[in-house]
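Participant: Just the structure for this:
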Amino acid sequence: MSMLSGTVLGPSGDGPRKRHPVATGFIVLLMMGVLFAATFGAVRLLKGNDAPSPTASGSLTPGPCVTTTVRPGLVLPKPGTVKTNVFNATTRAGLARKTANELRLRGFMIGTIANDPLGKSLTSVGEVRYGPKGKDNALLMRFYLPGSALTLDARADATIDVVLGAKYTVVAPQKTVTAALAKPVPVASGDGCAAPGAPGATGAVGATGSTGPSGARGAVSPTPPASPAKS
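Facilitator: Below you'll find the model as predicted:
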């Protein structure tokens, strides 16, 4: 019997034993999977987790706060599209009608002219009352009545109310209004911005010192009416 080599013979003794092709393929795939998992784990370990880290409350980290400049006259409505009521909250007779006539000359649509239906007697310049749909209309009116307070109410339409107080004198000169509307103002946007009214928050487009509805200065507490005059 010949012992010329150490080759292991197959079951029949007539040749070398061969691996089954299916078993070979399985082993190759298994080795590739292990290699891929090891490589992926090493990369994640080196780069760290790129996903946004949750905050203490479980929400994602807010995006940045971006501040841009906007010219109010380009984004606010035109007077001809704004309908306003004019109310007198003082003892000065004829104040609402005189002011309404001036606002009409400036292009505003005039609705009701009367004493303040809420019965307030304002010691401030006045209020501009508006509903959610009339925010931009109210912001525009503040350029004509600087120093007035924005007051949000529950009305369903876009009309606004101009309520005149004791410190009101006249509608701002058109030259002053035009210059203010053309002056760029900073406007902040983004999830990371401070809430309106918070320290460091940038207000919405509006006259000097104005903000959006959440940060709008509240109305001056009214004093007891002293026989308000006719509007």
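Participant: Which parts of this structure are helices?
Facilitator: Using DSSP state H, the helices of the chain run over 21-47, 72-75, 95-105, 135-144, 174-182.
Participant: Point out where this structure drops to low pLDDT.
Facilitator: For the chain, the stretches flagged by pLDDT under 70 are 1-26, 28, 34, 36-60, 62, 195-231.
Participant: quick one, strands of the protein?
Facilitator: 66-70, 83-88, 109-115, 126-130, 149-152, 160-164, 185-189 (DSSP state E).
Participant: Serialize these to a markdown table and add fields for distance to Thr176 and mean neighbour count.
Facilitator: (Glycine included, C-beta is placed from N, CA and C.) Formatted as a markdown table, those follow (distance: least, Cβ to Cβ, whole Å; neighbours: other Cβ atoms under 10 Å):
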| stretch | distance to Thr176 | mean neighbour count |
| --- | --- | --- |
| strand 66-70 | 19 | 11 |
| strand 83-88 | 19 | 24 |
| strand 109-115 | 21 | 15 |
| strand 126-130 | 17 | 27 |
| strand 149-152 | 19 | 21 |
| strand 160-164 | 17 | 28 |
| strand 185-189 | 15 | 16 |
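Participant: okay if I get the ones you listed as TSV plus distance to Leu35?
Facilitator: Shown next, in TSV, are the strands of the chain (distance: least, Cβ to Cβ, whole Å):
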stretch	distance to Leu35
strand 66-70	44
strand 83-88	73
strand 109-115	75
strand 126-130	66
strand 149-152	63
strand 160-164	70
strand 185-189	47
